[in-house]
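Attaching a predicted model along with its sequence, questions to come.
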Amino acid sequence: MAVHTFHLRFQTAGDAEMTNITAAAERAVHDTGLQAGILTLFIPGATAALTTIEYESGALKDFRRLFDELAPPDRDYAHNARWGDGNGHSHVRAALLGPSLTIPFADGELLLGTWQQIILVDFDVRPRSRTVIAQVMGE
């Protein structure tokens, strides 16, 4: 079995910005020449996460509202008291969503649903340069 690792880089604005990274993930699989296997995506860091969603404005607004309700930025967070960086909610939100995804592929194509796209959600309070590690395994 072959294993290929890529570092996909994105500039983000923070504040729960959602970036569609599907095309970059598809390119990583395509560039390996592998036909079947799995793609694992992982984002290092404690204030960003990965998931899938239908990447359309209504779903994105609903998703953002959910996080504003679950972990509002104006709540009192012990992390903020200790570090003073104002991103306690960012850590909680990222932990709820998670840092990784695994997606199967066959015939060189990701097996995503019709409206399913891969997104990077940057919950931090400032713009960031983010790296998503893509590891493609298969034959």
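On my side now, so go ahead.

Report the buried residues of the lowest-mean-pLDDT helix or strand in the chain.
Ranking every helix and strand in the chain by mean pLDDT, DSSP states H and E puts helix 78-83 at the bottom, with a mean of 91. By neighbour count on 16 or more other Cβ atoms under 10 Å, the buried set for helix 78-83 is 79-80. Any C-beta I mention is one placed from the backbone N, CA and C, and that applies to glycine too.

Moving C-terminal from it, which element do we reach first?
helix 88-97 (DSSP states H and E).

which residues touch Ala134?
Neighbouring residues of Ala134 by Cβ atoms under 8 Å, 6 or more residues apart in numbering: 5-8, 24-25, 28, 39-41.

Out of the residues you listed, the closest to Leu112 would be?
Within these, proximity to Leu112 (Cβ to Cβ) peaks at Ala25, which comes in at 9.1 Å.

The closest one against Ile103, yeah?
Yes - assessed by Cβ atoms under 8 Å, Ala25 is found in contact with Ile103 at 7.3 Å.

For these two, indicate the residue with more neighbours.
A count of neighbours by other Cβ atoms under 10 Å puts Ala25 above the other of Ala25 and Ile103, at 25 against 18.

which SS state does the more buried one fall under?
Under DSSP: H, G, I helix; E, B strand; the rest coil, the three-state class of Ala25 is helix.

For it, list the residues it contacts.
8, 39, 41, 103, 110, 118, 134.

same thing with Leu110?
When contacts are counted by Cβ under 8 Å, 6+ apart, Leu110 is found next to 22, 25-26, 29, 39, 103-104.

Buried only: go through those residues for me.
Buried, going by 16+ other Cβ under 10 Å: 22, 25-26, 29, 39, 103, out of these.

Name the nearest of those relative to Gly58.
Thr22 (18.3 Å).

ok, that closest one touching Gln117?
Yes - applying Cβ under 8 Å, one finds Thr22 in contact with Gln117, separated by 4.5 Å.

still on that earlier bit, among the contacts of Ala25, which are located in strands?
Those of the contacts of Ala25 mapping onto strands are 8, 39, 41, 103, 110, 118, 134, per DSSP state E.

Who does the most centrally placed residue in the chain form a beta bridge with?
Note on the chain: the residue nearest the mean C-alpha position is Leu50, at 2.3 Å, using Cα atoms, centre = their mean. Beta-bridge partners for Leu50, by DSSP bridges, are Leu120.
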